[in-house]
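# Give me a 3D structure for the following:
(2 chains, ligands or ions: 3)
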Amino acid sequence: MISSILFTILLIIGVILFTKKIREVIRNIQLGRKLDLSDRSSERWATMARVALGQSKMGSRPVAAFFHVLIYVGFIIINIEVIEIIIDGVFGTHRVLSFMGGLYDVLIGSFEFLAIGVLAACFVFLSRRNIIKLRRFHMREMTKWPKSDANIILFTEILLMSAFLIMNACDYQLQMLGAEHYSRATGIVGAFPVSSMLLPMISGMSIDSLIILERSCWWFHIIGILAFLNYVPYSKHFHILLAFPNTYYSKLTPKGEFTNMESVTNEVKLMMDPSAAVPSVDPNAAPQRFGAKDVKDLTWKQLMDSYSCTECGRCTSSCPANLTGKLLSPRKIMMDTRDRLEEVGKNIDQHGADHDDGKSLLGNYITEEELWACTTCNACTEACPVNIDPLSIIVEMRRYLVMEQSSAPTELNGMFTKIENNGAPWQFSPADRMNWANED
Amino acid sequence: MENFKVLTMAEMMANGEKPEVLFWVGCAGSFDDRAKKVTKAIAKILHATGVKFAVLGTEESCTGDPAKRAGNEFLFQMQAMNNIMILNGYEVTKIVTGCPHCFNTLKNEYPSLGGNYEVLHHSQLLQQLIDSGKLKVAGGPFKGKKIVFHDPCYLGRANNEYEAPRSVIQKLDIYLTEMKRSKANGLCCGAGGAQMFKEPENGVKDINVERAEEALQSDPDVIAVGCPFCNTMMTDGVKNFNKEDKVQVKDIAELIAEAIDIK
Ligand code: HEM
Ligand code: SF4
Ligand code: SF4
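Ligands and ions are numbered 1, 2, ... in the order given. Below is the predicted model:
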């Protein structure tokens, strides 16, 4: 009875905290500029099914892909078990779903195999970070927190899975010993193909201590899951939720197509023909700056991208600028965007919506040197398993630098002038354009 | 040209004629000495296969691609709108470009500004000509040679065209080999995004050297390219390893033009 109440309270607190954080994240994402992505919905569903559900872009690194699928499938399916845990916890029942009979045995049995898969994958992921020290997990932007973030999650999953297996082992043993509340007249419920191997370790224990161990694991498992749930939105593991909406809202136009800025189109039309009819702009609307200086100048999709980033570094390890030692790292662009967005969100919570902390994404986080090193080659967007687009953020910031600050590198300013004056990025006379046709 | 005259749209119009396709030469193709050779090769192939084409000549102006990638949206849209005015004035419907950057910009970024055309990269037109039997390529001087193709970012990843250039080169009876990073995983030559017009940022290596090194590892006779900027970058990269006597860097159009031995 007491444990039911305690459990219910914990559950409610866990869910309330999680909801609060999610609402904060949604608010932060909505700080971004408007962008209508309600089109082409069947293509969007298909993209989501392929890329997120089907993990289609993971395969380029087969080892990571294989073990990730173990975690991914294991985690989702084992969480069916959580439904039972919650019902048992609230109503004080034990293995309430066991009425399913043979199907229940199959489920519990397969959960155990999956748990082993998850454990193996976690060990592999831990070792490639901490023992093999894969290069992409040890670059400049992988400072202390991003590194511990990954380790924390992997350790937690190992503990959760171990608790799950030990719990099952105790349960099995208690059923065999005929302990009250555990055993049934109908025989053993559940199948324990993996945890039964742990029996030798607990065979000497009394019923009372077995119950204590079983209950501890049960509590640890569910508290762990609630804690995990609340940790996720602060972590790169947010991708386990956001990968789905984020791939749904993927860019569907060709990768080479950059947006044409409507605000510029209107001005250019007026310049070329002062009598041109351009859509009237709301005179009360705050003038929007050209390009992006801070997170609020990015679109909500670009902000969602930043929360969805798994920090896997596939983008950066295929980036020609980064590969040749330049400062630019597309992963860092995404991590900076998220960090700055969280900071802006905190400012709003603490000082109100209009607070200006004098900082900005461009300048305090991302430097001009990084931005100018990009070749706009799209290797990063191609590599990203969750269809994130770091390139669009880079271009948006270049736009700000060029159109608001006039601070492009001198050679580029020279190139602009040449295009303006003679219609080519080099110093040639337009009259010579056809010379090639008359040479030999 | 030695044995035919390249007509401009204005000249065709004056004759009361319309071309099948407009050949968009591009700035590099018009002014860069190396790229001009590719331009001539394309013109020769078009002429030899009987494709009725014209160029804009002095009426052509930069598509605005380097300005746009560098963040100068104003300049890009000014260029785009002026070009669209001219293209629409001549009622152009089909364009072939000698440069993947022009190709991408005309194809993807002009439509929402009022310029709607069927746009092809020259490798795509060559493939169409081969498929329709107008262009017959069989072996030639490159027969048996080992050729590696370097994907231009703005043809490959940007527009998903990996096959046209390859199937065209394969008509040369050559041995086509691939770099480790190819097609969707291809590595940029380092010139895109307006990098062509500035010094690289500080680093440990130049991108074109990294890429040329990779291309040379496959021990090719020819590095085939489909972009005037890649051409420059790969040529410089090969020179960096002092391999320019052994390994040629050539555009697909040049390979075809040489193989069909046209003047
Ligand atoms: C419930 C579902 C999921 C769970 C439990 C999960 C769990 C994990 C875990 C624990 C890691 C950490 C590995 C490490 O950093 O060492 C990871 C990494 C990753 N996840 Fe997921 N994930 C889920 C869904 C997804 C989805 C839908 C995608 C989209 C394709 C995805 C893409 C990735 C990527 C790209 C990495 C980095 C892997 C690498 O280093 O190559 N995940 N995931
Ligand atoms: S588009 Fe820019 S950031 Fe992305 S991989 Fe290419 S050079 Fe790097
Ligand atoms: S942007 Fe994509 S590829 Fe890059 S680190 Fe994030 S999830 Fe990985």
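# May I have the distance across stretch A:398-411, first residue to last?
One end of stretch A:398-411 sits 15 Å from the other (CA to CA, to the nearest Å).
# any idea how far it is from the chain center?
On the basis of CA atoms, centre = their mean, to the nearest Å, stretch A:398-411 sits 31 Å off its chain's mean C-alpha point.
# Stretch A:380-394 and ligand 3, any residue contact?
Yes. Stretch A:380-394 is in contact with ligand 3 by CB under 6 Å from any ligand atom, via A:Ala383, A:Cys384, A:Val386, A:Ile388, A:Pro390. Using the backbone N, CA and C atoms, a C-beta is placed for each residue, glycine as well.
# wait, does that stretch make contact with ligand 2?
Yes. Judged by CB under 6 Å from any ligand atom, stretch A:380-394 comes into contact with ligand 2 at A:Cys380, A:Pro390, A:Leu391, A:Ile394.
# And ligand 1, is that stretch touching that?
Yes. Using CB under 6 Å from any ligand atom, stretch A:380-394 reaches ligand 1 at A:Pro385, A:Val386.
# who in chain A is up against ligand 1?
So far as CB under 6 Å from any ligand atom goes, chain A lies against ligand 1 at A:52, A:55, A:58, A:61, A:64, A:68, A:71-72, A:75-76, A:125, A:129, A:150, A:153-154, A:239-240, A:243, A:310, A:312, A:385-386.
# and these, which are buried?
A:52, A:55, A:58, A:61, A:64, A:68, A:71-72, A:75, A:125, A:129, A:150, A:153-154, A:239-240, A:243, A:310, A:312, A:385-386 (16 or more other CB atoms under 10 Å in any protein chain shown).
# Check which residues of stretch A:368-388 are buried.
Using 16+ other CB under 10 Å as the test for burial, stretch A:368-388 gives A:368, A:370-388.
# do the same with stretch B:90-103
Across stretch B:90-103, burial judged by 16+ other CB under 10 Å covers B:Tyr90, B:Val92, B:Ile95, B:Val96, B:Thr97, B:Gly98, B:Cys99, B:Pro100, B:His101, B:Cys102, B:Phe103.
# Just name the closest of those to ligand 1, please.
Using CB to the nearest ligand atom, B:Pro100 is the member of the buried residues of stretch B:90-103 that sits closest to ligand 1, with 29.3 Å.
# quick one on the thing from earlier: tell me which of the buried ones among the residues of chain A next to ligand 1 fall in helices.
Among those, DSSP state H puts A:64, A:68, A:71-72, A:75, A:125, A:129, A:150, A:153-154, A:239-240, A:243 in helices.
# how about the helices in the stretch 101-250 of chain A?
For the stretch 101-250 of chain A, the helices defined by DSSP state H, counting those that start in this stretch cover A:102-130, A:144-177, A:199-202, A:207-231, A:239-248.
# For the spatially closest residue to B:Glu254 that is not a sequence neighbour, list the residues it contacts.
Nearest residue to B:Glu254, sequence neighbours excluded (CB to CB, 6 or more residues apart in numbering or on different chains): B:Ala41, at 4.6 Å. Counting by CB atoms under 8 Å, 6 or more residues apart in numbering or on different chains, B:Ala41 touches B:Asp251, B:Ala253, B:Glu254, B:Ile256, B:Ala257, B:Glu258.
# And B:Ala41, how far from ligand 1?
Distance from B:Ala41 to ligand 1, counting by CB to the nearest ligand atom, to the nearest Å: 44 Å.
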